[in-house]
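Novice: dropping a prediction and its sequence here:
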Amino acid sequence: MTQSTQWLPRAVALFITVAAVAGCGRDKAGTDAADLALTGGRIYTVDARRSWAEAVAIRGGRIVFVGSDEDAKAHIGPDTKVVELEGRLVMPGFQDAHIHPISAGLEAQSCDLNGLETVEEYLVVIKQYADAHPDAAWITGGGWLMSAFGPGALASRKLLDGVVPDRPVYLSSADGHTVWVNTKALEVAGITNKTPDPPDGRIDREPKTGTAVGSLQEGASDLVASKMPPVSDEQREAGLRYAVKYLNGFGITAIQDASVNEEDLKTYRKLDDAGDLTLHVIGSIWWEREQGVEQIEGMKRLRSEYTKGHVDAGTVKIMQDGVMENYTAALLEPYLIPSKSRGIPMVDPEKLKTAVTQLDAAGFQVHFHAIGDAAIRQSLDAVEAARKANGDLGHRHHISHLQLIDAADIPRFRELGVVANFQPLWAYADEYITELTIPFLGPERSAHMYPIGSVQKSGARVAFGSDWSVSSPNPFEEMETAVTRLGALGETTEPFLPEEAITLPEAIAAFTINAAYTNRLDKDTGSIEAGKSADLVVLDRNLFEIPASEMSDVKALVTLFEGKPVHGDLEAL
């Protein structure tokens, strides 16, 4: 594919120029030249035609021109800052459609186990952290891999007791669905042999005695979490500030936070009011499973109170199941384990239909967590019920994760207008798949995991998110896995279900215009077009000119948010 815009019809460029001038003020002739012009680039606009350009001009944080270098001169005045890109690739800022920035930022500043792989490594770091924080009443953090503990992820309290015997320890797994605690934490929570499992979770127990092992699955973690000291406003703000800077460094300029409460929304508003929130943020308000539709009125209040500026609190998050690795993802057919469990549907399917129908009628977007084929079907059924009751209100409901979709349900995404929100970094054969999933699904079902290509071919809209801190928010690593179905860091050598791979343009769209659509930001972001917000990223190499296996090495040199650098230095280009 040519990177040049010499072919760009002059009439098209002039039309863009005229539209920009009409919508955004006068051009150079009228004394309102651009504040910033980027010229001599390879600008992949991700517009409807997926066209290329050489130059972009920005004024007042908005794009006023996209086209050729020659036609860009009309927007360059004596005070315009002109940056020569020297052929570098420029794309729209990336958008992550499923992420947990505040909790990820908090985790990074606590006992952080991310990046480690063995139990022995975990114990060393946990002891070091505990020794370095002698005054901490609790040792908290997370990032451990379920695969380090084998099938079922039975993380032992006794291991933690050996390094922290005197204070409660609470450590979340990397995926956030299992918690590892020590004996002290179990005692503080009052968990005994007689404590029943909650409806939405499981206390793992020793077979003979019934004593808690130390791993708490899904909702069972709340038994301990409810006893922990609350996170302070200062901690939450520090976590978010860390996350914003980190995400801007990858060229990310918009996100959908997959689970927020009022304290989180207050933190976003505080940063935005201070002018420090350099991301567009969609906040997905958490649906409390033990409550019903009566909570919608409170959600309306949160939407009204916190939606302004760069924050939109118009989405509700419903978690419909767990994960495969601990057998809590809801399946149509049983796991291949002695209990013949089909997982845990977190919300009764009929109640889910009622909830989604009422949320849809109230103007909310619904953001589902659904990993197993039963949970995905239940989510689609709920959207279908809402469509029948309310008509198509255009709220862009979306389902995240989508590890196992029954073939009969793939066409329903397009039919119902549901966005398929994949986390592409999971679509390769790591230990989570080879050791903790395939043996308990069997070969037939395992041949249909993360069917990104099939959903793409069906005509449904595909968007991408990272689920950070569950996995890296680096969009280059994620796109590489989507295109190759290999571990982006060389973890594997054989593609996992290569027929489910997608093309580079499709992967880019999933992280730009399609994610913007999911975030209800597509009229203002997601592509490089006149009139849109100047959210751009300049890359150190051209994704279209390197082997797919090198995509994960690409770096964001500069990230612009509303026309201003929030990462990198334009002077250094």
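Specialist: Nice, I can see it.
Novice: low-confidence ranges, the protein, go.
Specialist: For the chain, the stretches with pLDDT under 70 are 1-31.
Novice: how much space between the most centrally placed residue in the chain and residue 410?
Specialist: By CA atoms, centre = their mean, the chain has its centre lying nearest to residue 98, at 2.5 Å. Distance from residue 98 to residue 410, counting by CB to CB, to the nearest Å: 20 Å. In short, each C-beta sits where N, CA and C put it, glycine included.
Novice: go ahead and confirm residue 284 touches residue 314.
Specialist: No - checked against CB atoms under 8 Å, the pair residue 284 and residue 314 is beyond contact range at 9.3 Å.
Novice: regarding residue 115, what is its secondary structure?
Specialist: coil (DSSP: H, G, I helix; E, B strand; the rest coil).
Novice: now do residue 298 against residue 329, distance only.
Specialist: Relative to residue 329, and taking CB to CB, residue 298 is found at 29 Å.
Novice: and these two? Which one has more around it.
Specialist: residue 329 (30 against 13; other CB atoms under 10 Å).
Novice: I'd like to know how many residues surround the spatially closest residue to that one that is not a sequence neighbour.
Specialist: Leaving aside its sequence neighbours, residue 329 sits nearest to residue 372 (CB to CB, 6 or more residues apart in numbering; 3.5 Å). By the criterion of other CB under 10 Å, residue 372 has 32 neighbours.
Novice: can you tell me how far residue 372 is from residue 413?
Specialist: The gap separating residue 372 from residue 413 is 16 Å, by CB to CB.
Novice: over to residue 547?
Specialist: The gap separating residue 547 from residue 413 is 31 Å, by CB to CB.
Novice: please apply the same query to residue 437.
Specialist: Counting by CB to CB - residue 437 and residue 413 are separated by 22 Å.
Novice: okay, residue 284 and residue 314: which has more neighbours?
Specialist: Between residue 284 and residue 314, counted using other CB under 10 Å, the more crowded position is residue 284 (26 against 22).
Novice: who are the contact partners of that one?
Specialist: By CB atoms under 8 Å, 6 or more residues apart in numbering, the contact set of residue 284 is 256, 257, 258, 259, 260, 315, 316, 317, 367.
Novice: using the three-state scheme, assign it.
Specialist: Using three-state DSSP, the structure places residue 284 in strand.
Novice: nearest residue to it in space, please, no chain neighbours.
Specialist: residue 317 (3.7 Å).
Novice: give me phi/psi at that neighbour?
Specialist: The phi/psi pair for residue 317 (degrees, to the nearest 10) reads phi -100, psi 120.
Novice: from here on, call the first residue 564.
Specialist: Renumbered: residue one is now 564, and that last one reads residue 880.
Novice: ok, it - how many residues close by?
Specialist: When neighbours are counted by other CB under 10 Å, residue 880 registers 21.
Novice: partners of it in the sheet?
Specialist: Beta-bridge pairing of residue 880 under DSSP bridges involves residue 849, residue 930.
Novice: pretty sure it sits against residue 851.
Specialist: No - if you go by CB under 8 Å, residue 880 and residue 851 don't touch, sitting 10.6 Å apart.
Novice: how about residue 877, what does it touch?
Specialist: Going by CB under 8 Å, 6+ apart, the list of residues near residue 877 reads 845, 866, 870, 926, 927, 928, 1083.
Novice: cool, residue 735 as well?
Specialist: Counting by CB under 8 Å, 6+ apart, residue 735 makes contact with 670, 704, 705, 706, 707, 741, 742, 743, 784.
Novice: and what of residue 1067?
Specialist: 1042, 1046, 1106, 1107, 1111.
Novice: quick one: buried ones out of these?
Specialist: Neighbour-count burial (16 or more other CB atoms under 10 Å) applied to those gives 1042, 1046, 1106, 1111.
Novice: could those residues go into JSON lines alongside secondary structure?
Specialist: Output for the buried ones among the contacts of residue 1067, formatted as JSON lines (three-state DSSP):
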{"residue": "1042", "secondary structure": "helix"}
{"residue": "1046", "secondary structure": "helix"}
{"residue": "1106", "secondary structure": "helix"}
{"residue": "1111", "secondary structure": "helix"}
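Novice: tell me which of those residues is nearest to residue 964?
Specialist: Of all the buried ones among the contacts of residue 1067, residue 964 sits closest to residue 1042, with 17.8 Å by CB to CB.
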